[in-house]
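Novice: give me a 3D structure for the following:
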Amino acid sequence: MTNEVPACPDSDPWPSRLSARPTRPPRPGPRLARRPPPAPRAAPAGLLHSKALRRLASPVLVLALWQLVSSVHFVAADKLPPPTEVWSTAVSLITTTSPAYGSLGGNMLASLERVALGFACGAAVAIILALAAGLSRLGENAVDPLMQMLRTLPLFGLIPVFIVWFGIGQLPKVLLIAMGTAIPLYLNTFSGIRNVDAKLAELGQVLQLSRVS
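Specialist: This next block holds a predicted model:
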């Protein structure tokens, strides 16, 4: 009877069993609470006052230099009056009324009325023309070429032309203000309408909205 030795396997089963054993995931450590970011600190009042004083230093220095140049007669007073004389003249214009020219407040009020009227007329015309040109190809072909030609004209060059056409009253002044207001408002409004995102236009079509709404 012969003793048969069992055939040894190629590898030991124990290491394979050990390697096949599932490993436990590492235990999570204690979570540290995140601190909120610190709130921005407000600048102290003293720092703000010092910054304002530093920014006022250069204008005050210019005024002092101006007064010094006029006081030593480095420049004639009729060509460069000192700041004190300018201030006294301004106060007298505000507080007194001239029989020939009226008061400064009345003249400023008349100028503000012309500016308000010209701005209102120019803004209304510009917005209407920009809507007509921006919402339709027909309006663009009819309005935009004329507005592009008008924006190349210098307003100061139109002053003598308007005086010849409309006289020297209020009308040419209001028209010049209206033209100076209408051209930039038209260009910006027209550009804003044409640069609307195409996705918004598609959304409006899906919702069955009209071009005006």
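Novice: I figured W165 hits L176, correct?
Specialist: No. Proximity of W165 to L176 does not meet the contact threshold set by C-beta atoms under 8 Å, at 11.7 Å. (Each C-beta comes from the backbone N, C-alpha and C, glycine too.)
Novice: same drill for these two, tell me which one is more crowded.
Specialist: Between W165 and L176, counting by other C-beta atoms under 10 Å, L176 is the more crowded of the two (18 against 11).
Novice: work out for me the element that one sits within.
Specialist: Take DSSP states H and E as the rule and L176 turns out to sit in helix 170-194.
Novice: how about the helices in the protein?
Specialist: In order along the chain, the chain carries the following helices (DSSP state H): 13-20, 45-71, 83-95, 104-135, 137-150, 155-166, 170-194, 198-206.
Novice: now those as CSV including distance to A77 and mean pLDDT?
Specialist: Formatted as CSV, the entries for these read as follows, by distance: least, C-beta to C-beta, whole Å; pLDDT from 0 to 100:
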stretch, distance to A77, mean pLDDT
helix 13-20, 104, 49
helix 45-71, 6, 83
helix 83-95, 7, 87
helix 104-135, 22, 91
helix 137-150, 45, 89
helix 155-166, 31, 89
helix 170-194, 34, 92
helix 198-206, 64, 77
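Novice: pick the most buried one from these.
Specialist: The highest mean neighbour count among the helices of the chain, using mean count of other C-beta atoms under 10 Å, belongs to helix 170-194: a mean of 17.
Novice: got a list of contacts for that helix?
Specialist: By C-beta atoms under 8 Å, 6 or more residues apart in numbering, the residues outside helix 170-194 that reach it are 114-115, 117-119, 121-123, 125-127, 129-131, 133-135, 144, 147, 150-151, 155, 158-159, 162-163, 165-166.
Novice: how about stretch 142-159?
Specialist: Contacts to stretch 142-159, defined as C-beta under 8 Å, 6+ apart, come from residues 129, 132-133, 172, 176, 179-180, 183, 186-187, 190.
Novice: and the gap between the residue nearest to T84 when sequence neighbours are not counted and T152?
Specialist: Computed as C-beta to C-beta, 6 or more residues apart in numbering, the closest residue to T84 that is not its neighbour in sequence is Q67, at 6.9 Å. Going from Q67 to T152 by C-beta to C-beta, to the nearest Å gives 45 Å.
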